[in-house]
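Trainee: Got a predicted structure here, sequence first:
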Amino acid sequence: MTSTAPVKVRIRGLRKRFSVKGRPIEALDGIDVDVEAGAFLCIVGPSGCGKTTLLRILAGLEEKTAGTIEVARDAAGKDARERPVNAMVFQEQSIFPWMTVRDNVAFGLKARGFSGRDRYAIVEPFIRRANLGGFEDALPHQLSGGMKQRVSITRAFANDPEMLLMDEPFAALDEQTKLILQAELLRIWEESRKTVLYVTHSIDEAIVLADRILVMTARPGRVKDVVDVASVFGRPRRVEAVKESAQYGELFGRVWGALREEVMGAQAAEAVS
Amino acid sequence: MRLRWGGERLLSVLSPVLLLALWELAARTNAIDTRFFPAPSDIFAAAVTLIRTGELWDNLSITLVRLAVGFLLGAVPGIVVGLAMGLFSPVRAILQPLVDGTFPIPKIAILPLFILIFGLGEESKYAIIAVAVVYLVLINTQAGVRNIDRIYLDVGKNYHATRWMMFTDVALPGAAPLILAGLRLGMGVALLVIVAAEFVGARSGVGYQIWTSWQVFQVDRMFVYLLVTAVIGFGTAVVMTFLERVLLPWKQH
């Protein structure tokens, strides 16, 4: 892609080694990638290739073993209220069951020191745009799985991070709900154009959402290929239009071609061990 | 054969009534020894007398105050220390062996020591209940904190929650269900301990009355006070259920 956008995240030689029962496991083996500001990057790879680990390192939840991560900050200061660098959307249910929808969405703002009135005023439009209006005072156990993930995504957007880290947020949802939420995510994202790193195991989802798809190798994770989607499907993008087009099949074939041998290799390795 | 729901409910009401009727009948016909099992009607008459004279209320209120004071003296430190042990590993390292080492002692076994220290007054009763309660609350609170789903701590960390907010918004509500379970268990043990303590170490209270009824062979009175303990147990369970409803609305399904 010949993008002129400045680089938001520059990752060089990123390595992660775990120790499992005293045996070192190489999770990430030298990741080099640049993510342009405002780009939607999807990361696909076989199970256990370290794609989630990559996100967790970026989110500050995991330490890296080696390498550098440079993030170009929009504005750097020491004010706790300033925009956070990132917010993560987790795969599993991660909204607090003891908080109402409103308090869940406002959690990041509370952590940044906004008063109750201020943060409720800020989250109000976010809740409405996520089609959660009328559920502000509901507790998570009263919501469907799809709505819970909506709350989780809204929590991240409402905190206005410079970058969104999403770890298979729709993986546990049924197909119809997933389609609806993908379209919603695109709509909300296109308004803000935040930099997004989105991990998924679904090639289909990656094509629908991404500007670029980063294909990872089986463990230890390396960058296998980078597939450009933005030059084929522009923005704003409609999920249906993408799936109906002939280029969709081409892109699918290209990503699967890169992924196929990695998945086979990972399965063979699993069968041996 | 399956009975309709209403039919089963009727059976549930009928069975205790039937048992009481049988008991009454057996007592009247001397089929059972009324020295040990006085007729329900006699027990009821004894209860009416005890209520009229105010004796029942006096003893009940004394026991309830002991329960309440002792319970609070055990529950509050139990929650505080349990949270500290769950959150801070140095605190856990210091206190865990002390807790593990003393927990197995049957609490009632410490009563003589407490009477020695605090005398026969109310303090020894408060102390023995507090000790019985504190362990169960402490152990449950600590387990509650340590069993909080990792994902919630990750969210707190990713959103840069302060230490205080991690405590008030994540650890405390996350541990609340187990804290309340600990309080419920503590209350059950408190009742057990206070009755036993009043057997030997008191001159008043429900337990004392049960004990003296045996010594002066007033079995109908004994049954009345046994009934009172059942009511206390039931009442505390209702209070705990109410507390759970109010404090844990998100746990109801």
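Mentor: That came through fine. Numbering: from 1, shown residues only, chains lettered A, B, ... in the order given.

Trainee: Can you give the distance of stretch A:23-35 from its chain's centre?
Mentor: Centroid displacement of stretch A:23-35 relative to its chain, using Cα atoms, centre = their mean, to the nearest Å, is 18 Å.

Trainee: Show me what from chain B comes close to chain A.
Mentor: Chain B comes close to chain A at residues B:151-152, B:154-162, B:165, B:169-170, B:173-174, B:176, B:248-250, B:252-253, as judged by Cβ under 8 Å from any Cβ of the partner chain. The C-beta positions use only the backbone N, C-alpha and C, and glycine is treated the same way.

Trainee: again, only this time at 7 Å
Mentor: Residues of chain B lying near chain A by Cβ under 7 Å from any Cβ of the partner chain: B:151-152, B:154-155, B:157-162, B:165, B:173, B:249-250, B:253.

Trainee: How about the contacts made by the closest residue to chain A within the stretch 151-253 of chain B?
Mentor: Taking Cβ to the nearest Cβ, chain A has its nearest neighbour within the stretch 151-253 of chain B at B:Pro173, 4.0 Å off. Contact partners of B:Pro173, counting by Cβ atoms under 7 Å, 6 or more residues apart in numbering or on different chains, are A:Trp98.

Trainee: Okay, domains of chain B per the record?
Mentor: The record's domain split for chain B, according to automatic domain parsing, is B:1-32, B:34-251.

Trainee: tell me, which of the ones you listed is the model least confident about?
Mentor: Ranked by mean pLDDT, those end with domain B:1-32 at the bottom, a mean of 86.

Trainee: and the domains of chain B, which is most packed in?
Mentor: Of all the domains of chain B, domain B:34-251 has the most neighbours on average by mean count of other Cβ atoms under 10 Å in any protein chain shown, namely a mean of 18.

Trainee: Do me a favour and get the end-to-end distance for it?
Mentor: 48 Å (Cα to Cα, to the nearest Å).

Trainee: With stretch B:47-63 instead?
Mentor: 17 Å.

Trainee: Kindly report the same for stretch A:81-91.
Mentor: 27 Å.

Trainee: rewinding a little: is it possible to get TSV of the domains of chain B that adds distance to A:Ala206?
Mentor: What follows is the domains of chain B, written out as TSV (distance: least, Cβ to Cβ, whole Å):
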stretch	distance to A:Ala206
domain B:1-32	53
domain B:34-251	23
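
Trainee: Measure how buried the residue of the stretch 151-273 of chain A found nearest chain B is and give me the count.
Mentor: For the stretch 151-273 of chain A, the residue closest to chain B is A:Asn159, as judged by Cβ to the nearest Cβ, at 6.8 Å. Number of residues near A:Asn159 (other Cβ atoms under 10 Å in any protein chain shown) recorded here: 27.

Trainee: and stretch B:186-195, how far out from the chain's middle?
Mentor: That offset, for stretch B:186-195, works out to 4 Å (Cα atoms, centre = their mean).

Trainee: List the contacts of that stretch.
Mentor: B:63, B:66-67, B:70-71, B:74-75, B:107-108, B:125, B:128-129, B:132-133, B:136-137, B:206-207, B:229, B:232-233, B:236, B:240.

Trainee: Give me the next element, helix or strand, following the longest helix seen in chain B.
Mentor: Identified as the longest helix of chain B according to DSSP state H is helix B:55-87. For helix B:55-87, the following helix or strand on the C-terminal side (DSSP states H and E) is helix B:89-102.
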